[in-house]
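Student: pasting the structure only:
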């Protein structure tokens, strides 16, 4: 009976917390937007994802923050959450060989390409 519980625990935890290692890597988003006058708002988002860690950083227009994160994979999407507060940062979608970041940290939603380092 203990073996059955152990097997069930492994299966459940693998489905709940694991993600495909193909997502591992370092991702970058760069965005900018012209403001009034000659000012330009820029923002950079960096995601570092390995099997041991998840770091989500936002730099630029009125923000310089780094968070420890957690991820959940569903279909071709990877959902990003703050590891402490569980706030949803957004999601990464893999479509037609490219990665896209959908997040309120993206300045222009039409230009949300998320570059993955090779």
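Tutor: In hand now; what should we look at? The structure presented is a predicted model; accordingly, all values stated were derived computationally and were not measured. Residues are numbered from 1 along each chain as shown.

Student: and residue 105, which of the three is it?
Tutor: Following DSSP: H, G, I helix; E, B strand; the rest coil, residue 105 is assigned to coil.

Student: Would you map the helices across the chain?
Tutor: Assigned by DSSP state H, the chain shows helices spanning 2-17.

Student: which residue sits closest to the residue nearest in space to the middle of the chain, ignoring its sequence neighbours?
Tutor: The residue lying closest to the centre of the chain (C-alpha atoms, centre = their mean) is residue 80, at 4.5 Å. In space, and not counting its chain neighbours, residue 80 is closest to residue 89: 4.1 Å by C-beta to C-beta, 6 or more residues apart in numbering. Placement of C-beta: from N, CA and C, glycine included.

Student: list the contacts for the closest residue in space to residue 90 that isn't next to it in sequence?
Tutor: Spatially, and ignoring its direct neighbours in sequence, residue 90 is nearest to residue 103 (2.7 Å; C-beta to C-beta, 6+ apart). Applying C-beta atoms under 8 Å, 6 or more residues apart in numbering, we find residue 103 in contact with 45, 80, 89-91, 112.

Student: What about these, which are in strands?
Tutor: 45, 80, 89-91 (DSSP state E).

Student: between those, which is closest to residue 26?
Tutor: Using C-beta to C-beta, residue 45 is the member of the ones in strands among the contacts of residue 103 that sits closest to residue 26, with 11.4 Å.

Student: What pLDDT does the model give the nearest residue to the closest one once chain neighbours are set aside?
Tutor: Closest residue in space to residue 45, ignoring its immediate chain neighbours: residue 29 at 4.1 Å, by C-beta to C-beta, 6+ apart. Here the pLDDT value assigned to residue 29 is 91.
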